[in-house]
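>>> the following comprises the amino acid sequence and a computationally predicted model.
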Amino acid sequence: MDQLYSFLENEGVDRALLEGVKAFRDKHPTEGENQNRVPQPEYYYYGKKTWELALAAILAGKNLLLAGPKATGKNVLSENLGALFGRPVWNVSFHINTDAAYLVGTDTYDGNRVSFRPGPIWLCAEKGGFGILDEINMAKNEALAVLHAALDFRRSLDVPGYEKIDLRPETRFIATMNYGYAGTRDLNEALTSRFAVLDMPIISEENLQKLISRRYPTISVKIRDQLVKLYAELQRKAESAEISDAALDLRGLLDAIALMEQGLSSGDALDMCIVNKSFDSYERGLIRDVICARIPADLTRNVVFSQ
Amino acid sequence: MIKKQYSGSARRARNIIWNAAGRYDFDPPFMAFFSNGHPDQYFNMVAGLVQKWLDMPRLWDFFLSYEGDRRADEFDDYLWLGLENCVYEKELPERPILESLRRERGELFFVEMQQMTRQQMEYQSMPVFNQQEYRWASVCGRRPPLLTPREKRISEALRFSGSLDTDGVIAAMQAFLQSFFRITPGDEVRIRKANPLARLLFRHETKRRDRLLVRIGTGEGDHEKARQQRHAGLGRHVGPSPEDRAYIEAVFGRLSRTPEELRVLENELCVGPDGLCRLWITKGERTSTEDKDALEVRESAERQAKRNEEFQAAHAAMIQGSVRALSTRIETIFSSYFKHLPEQARAGRIRPEDAWRLPVLNDATVFLKNGEETEPEICVDLLLDASQSRMHSQEVLSAEAAIIAGSLAKIHIPVRVTAFRSLRSHTVLEILKDFGTSDCRGLLRYYAGGWNRDGLAIETLGRLDDETAMQGRQRILLVLTDGSPNDSTPIPAEGLLLSREYEGDAAVAAAEEAVRRLRASGVRVGAVFHGNTGHLENVHRIYGHAYVRIQKANQLAQGVSDLMLMLLREMRTD
C-alpha cells in the first residue's frame, strides 16, 4: 500500500484526497482473517484525473461504475482501489445466467437441515469489503434487482427467510462494464442511478510509456515509444471497425515485452501476444501490416533491452 | 507502382494507407499493388503518409489536371517517386523502421526486375523504369544504371525535399512537368477551384430527371465508381406527378395494397421531412407497359437476377455453410438464452418457503428445476437498401439476404424480405419474400438503383404489420444498410427553415427519428452495416449500439447472430 500511496503522490494526485485515504484506512484497519483478500497489484493504473475522480467517489461513500471500452484499465483500477484502501476484495464475474442466488447466497440441504451459504455480495457486506462487479452489464437486469437496496441509501441486504444485514460502512461496490461491441448492452436506469459513473479514458501515449517503463525499466526508449505508437495505431484501427478489438490487448503488449525479455524475437513475441489473438486469418494479416510498419521482426533481447 | 484501382486486395491496401495516415475517414484515391495483385506495403504507406503530411485533395486536383494526357500514367509514376522522397524525409524521425522498409522495397524492385518477362518489359515505360531503378539502386547501395544527362536532371528534380509543404510540392510537380515535358497543368484545377457554385448548378441543370441506372461502368471501383456512389448520375426531384406514378408502376410492378390503404399510409407517414414523398408497395407483379425507359430497366433487372443466380450457384457451398452456421447459432441463442420456466422437482434449487414440507410431510419436491423451454414467438423483417450505392455488391447482398432469410426460415421463424429504394419522389418497397413462404428464390430479384430514403422506408415497413403470420409475435426488423441515406426529393421548407436536400446530417436525423418511433412502438430494430468507415458514425447515430459491421460474407453468421442476441436480450430484459 505504501508503494501505491507514494506512486500516487508522485503522480501528483490531490493531497487532500490522499489524506482522506489515510484517514479511511486508520478508521477501518484490515482484519487479519481477510488480509489475503487485499489485492497486491502487479500494475498500477496511470491517470491522475481518473484516480482523483475515483478516490473522491469512494471517500464520499459512493459505489463506482467504471465504464469504457476494452483495455482502458478498469480491472487494474478496481484492484488498485482495493489495495489502496486496504480492503478485502470479492471479485464477481457477471454472465448471462447470473442470478440473485449466485450473488447473495443460496440454500443447501445438508441431510439434516436447510442452511444458507452466503454469496460474495453477502460476504462483502458482512466483512466490509470491496465488491468488484466485473462486466455488470452482461447480466440480466432482473437478476440485479436484488442489489438495489445494497447499492442505495438503505445499504442493506435482505434475504427472505433469513436475517436482514446492514452493510458495514466501509463496504463499497465497484462495477465495470464494457461498451461498444455486440453482446453487451446498457444498464437500466434504476441500477445506473445507484453508481457514480466514471467514463474510463483510453490510456494516453504518455501514460502507456510510463506503464511500460515502470514494468520494464531497462527497455530501450526508442523501442518503447514505437510499441506505444503501435498500440495507438491498433486502437485507431479497432475504433474504425477495420479489425475487431481482439488484438487490442494491453496485457498482450506487456506480455510480448516479457517474452522478448525471455529471449524471443520481437516478431514471434508480437505474433503470440497480439496477432494470434485474432482467429480470422485475414484480420491477422491486417494486424501484421500495422506491426510491420513499426517494429522490425528480428529485434533481439539485446536490442530491446539496451539500457 | 501506384495505380488508380481497387482490386481484390483493396481492403488490405486501404488499411495500410489509413494506418499510415492515422485516420480512417477518407477513401484513398491511389493504392499500390504488385504485379501479382498483392498490396505493396511500402508504397501504400507512402500514399498514407502523403495524406498525413500534405493536403491530398489539392494534390488529387493536380493529378486530375493532366488526366486527359496520354502520358498521364507515366506522369503519375514520376510524381509518386518525388512524393515518396518527400514524405520519407518527413516521417523518418517518427518512424525509424521506414529506412529498412524502404531498403526492402528497393530490393523487391530488383527481385521483380529479374523475374520480368520480355513482354512485361515491353509494357514498361523505360524512362520511368530507369528512374525507379536509379532510385532503388541508390537506396540499396547498389550500382546505379547509367543515365543520360537529362535523366540525371529528372532524377534530381524528383528528390522532393521533406521540408516542402503542399504548396511547395505542387510547385515542384508543376515545375517538373513544365521543364521536362512542356506540360502546363492547372487549367482544370482553376475551373474546379474558381466556381464551385457553377459546378453545383451544372449538376442540377443537366440532370433534371431521375433515371434508374443499373450497373454503369466497369464495376471495378475505378474513379468512375466513386462518382456513381455519390449519385452524380441522378438529380433533384421535387414532388411526384401522375406520370411518375405510372412510371413507378411500370418499373416496379403492381401495387400490392389497395389504393385506399396506401393513401392512409401516405397521410400518416409522408409528413414533415417526407412531406413531398409518396409510397409504393409492391410484390413485383409486372404490368404491361410501352414505356421504353421502364422496359429498359426491367431488362437490366432481369440481367441482374441472372447474375445473382450465377453468383449463388458459384458460391453454393459457402452459402449453404453460412446458412447452417447461422441457423445453428440462432437456435443455440434460443435454447441457451431464453430462461426455462422453473418447475417443482426433487432436486435443484431449494424453495425456502416450502422447505418445512421436507421433514413434516416427507415431501422432497421442495426444489426447483428448469422446466420446458419457453421461447418468445418472434418474426423477422429484413429490409435491404437497394439504392444505387450498392451497385457494386448486388450479387453479394442478394446472397447475404438469402443466407439470413434461409437460416431463419430453416428454424421456422417467419421472415419477410423487402428491398427499398426511392425514385421520382416515391419510396418503393418491393417485397421479395413474404412471410407465408419458405422459398427464397424471390431474393434473386434484388438489384440496386435509385436513392435511399431510409427513414421513410423503415417506418413504412414498420406499419405493414397486418399479416397473419405476425399475429402474437414480437417483431424484429433487420436493415442491411450502407449508413448513407440520401434522396433527390428534398426536405420541404418548414417555418423559417428553407427547403433542404435529403442528405448528410438532415437525412441521418430523419432516419434516427424513424427508428426511435418504431422502437417506441415495440419493434426491435437492428442494422447489418455493409459500407465505408466514413458512414460508421451515421449507423451508430441511427441504430445506437444495435448494429454489426460485415465486411466479408463469412463474417455474416457471427455478426447476425450477435445482433440477434443483442435484440433478443433487450426483448427479454424489458
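Received the coordinates, thanks. Numbers count the residues shown, from 1 in each chain, chains lettered A, B, ... in the order given.
>>> contacts, neighbours, all on C-alpha from now
Noted.
>>> not counting sequence-adjacent ones, nearest residue to the residue in the stretch 51-200 of chain B that chain A sits nearest to?
Of the residues in the stretch 51-200 of chain B, the one nearest chain A is B:Ile97, at a distance of 6.0 Å by CA to the nearest CA. Excluding the flanking residues, the one nearest B:Ile97 by CA to CA, 6 or more residues apart in numbering or on different chains is A:Arg294, at 6.0 Å.
>>> list the residues that contact the one you found.
Under the criterion of CA atoms under 8 Å, 6 or more residues apart in numbering or on different chains, the contact partners of A:Arg294 comprise A:Gln226, A:Leu227, A:Lys229, A:Leu230, B:Arg95, B:Pro96, B:Ile97.
>>> the third one: neighbouring residues, count only.
Pointing back at A:Lys229 there. Residues contacting A:Lys229 under the criterion other CA atoms under 10 Å in any protein chain shown number 18.
>>> what do you get for the fifth one?
As a burial measure, the neighbour count of B:Arg95 was computed by other CA under 10 Å and equals 17.
>>> sec struct for it, please.
Secondary structure, DSSP: H, G, I helix; E, B strand; the rest coil: B:Arg95 is coil.
>>> so how far is B:Arg103 from it?
With distances defined as CA to CA, to the nearest Å, the gap from B:Arg95 to B:Arg103 amounts to 14 Å.
>>> out of the contacts of A:Arg294, who's nearest B:Glu296?
A:Leu230 (52.9 Å; CA to CA).
>>> quick check: which element contains that closest one?
Per DSSP states H and E, A:Leu230 falls inside helix A:221-239.
>>> swap in B:Trp280?
The secondary structure element spanning B:Trp280 is strand B:278-282 (assigned by DSSP H and E).
>>> send me that strand as PDB with only the CA atoms.
C-alpha atoms of strand B:278-282 as PDB (Å, rounded to 0.1, in the frame of the first residue of the first chain):
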ATOM      1  CA  ARG B 278     -45.200   9.200 -51.900                       C
ATOM      2  CA  LEU B 279     -45.100   5.400 -51.200                       C
ATOM      3  CA  TRP B 280     -45.300   2.400 -53.400                       C
ATOM      4  CA  ILE B 281     -45.600  -1.100 -52.000                       C
ATOM      5  CA  THR B 282     -45.300  -4.000 -54.500                       C
END
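>>> who are the packing partners of that strand?
On a contact count with 3 or more CA pairs under 8 Å, 6 or more residues apart in numbering or on different chains; DSSP states H and E, strand B:278-282 meets helix B:259-269, strand B:426-433.
>>> okay, the first one in PDB with CA atoms only?
Right, helix B:259-269. Listed next in PDB are the C-alpha coordinates belonging to helix B:259-269 (Å, rounded to 0.1, in the frame of the first residue of the first chain):
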ATOM      1  CA  PRO B 259     -55.100   2.500 -53.200                       C
ATOM      2  CA  GLU B 260     -57.100   3.400 -50.000                       C
ATOM      3  CA  GLU B 261     -54.700   1.600 -47.700                       C
ATOM      4  CA  LEU B 262     -51.800   3.300 -49.500                       C
ATOM      5  CA  ARG B 263     -53.500   6.700 -49.000                       C
ATOM      6  CA  VAL B 264     -53.900   6.100 -45.300                       C
ATOM      7  CA  LEU B 265     -50.200   5.200 -45.000                       C
ATOM      8  CA  GLU B 266     -49.200   8.200 -47.000                       C
ATOM      9  CA  ASN B 267     -51.300  10.500 -44.900                       C
ATOM     10  CA  GLU B 268     -49.700   9.200 -41.800                       C
ATOM     11  CA  LEU B 269     -46.100   8.900 -42.900                       C
END
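>>> now that helix against strand B:278-282, angle please.
Following axes from the mean of the first three to the mean of the last three CA atoms, to 10 degrees, one obtains 130 degrees for the angle between helix B:259-269 and strand B:278-282.
>>> what's helix B:259-269 packed up against?
Using 3+ CA pairs under 8 Å, 6+ apart, the elements in contact with helix B:259-269 are strand B:278-282, helix B:454-463.
>>> just want the angle from that helix to helix B:454-463.
Using the same axes, to 10 degrees, the interaxial angle of helix B:259-269 with respect to helix B:454-463 works out to 130 degrees.
>>> buried sites along helix B:259-269?
The neighbour-count criterion (16 or more other CA atoms under 10 Å in any protein chain shown) identifies B:Leu262, B:Leu265, B:Glu266, B:Leu269 as the buried residues of helix B:259-269.
>>> coming back round to it: so which of the helices and strands packed on strand B:278-282 comes closest to A:Arg15?
With CA to CA as the yardstick, what comes closest out of the helices and strands packed on strand B:278-282 is helix B:259-269 (60.1 Å).
>>> just checking, the residue of the stretch 51-200 of chain B closest to chain A touches A:Ile291?
No: taking contacts as CA atoms under 8 Å, B:Ile97 lies outside contact range of A:Ile291: 10.5 Å.
>>> ok, those two, which is more surrounded?
Neighbours were counted for B:Ile97 and for A:Ile291 using other CA under 10 Å; A:Ile291 has more, 23 against 16.
>>> show the pLDDT at the more buried one.
Here, the pLDDT recorded for A:Ile291 equals 96.
>>> tell me the contacts of it?
Taking CA under 8 Å, 6+ apart as the definition of contact, the neighbours of A:Ile291 are A:Leu230.
>>> distance of it from B:Asp293?
Using CA to CA, one obtains 53 Å as the distance from A:Ile291 to B:Asp293.
>>> repeat that for A:Tyr45.
When CA to CA is applied, the distance between A:Tyr45 and B:Asp293 equals 67 Å.
>>> now swap in B:Phe63 and tell me
As for B:Phe63, its distance to B:Asp293 is 37 Å (criterion: CA to CA).
>>> of these two, who's got more company?
Between B:Phe63 and B:Asp293, counted using other CA under 10 Å, B:Phe63 has the larger neighbour count: 20 against 14.
>>> just checking, the more buried one touches B:Glu74?
No: distance between B:Phe63 and B:Glu74: 11.5 Å, which falls outside the contact criterion (CA under 8 Å).
>>> find me the pLDDT at the residue in the stretch 201-350 of chain B positioned nearest to chain A, would you?
When scored by CA to the nearest CA, the stretch 201-350 of chain B has B:Ile350 as its residue closest to chain A, at 6.1 Å. The model reports B:Ile350 with a pLDDT of 78.
>>> cool, A:Val275 as well?
With respect to pLDDT, A:Val275 scores 94.
>>> what helix or strand is the closest residue to it other than its chain neighbours on?
By the measure of CA to CA, 6+ apart, the closest residue to A:Val275 outside its immediate chain neighbours is A:Arg284, 5.6 Å from it. Assessed by DSSP H and E, A:Arg284 sits inside helix A:281-292.
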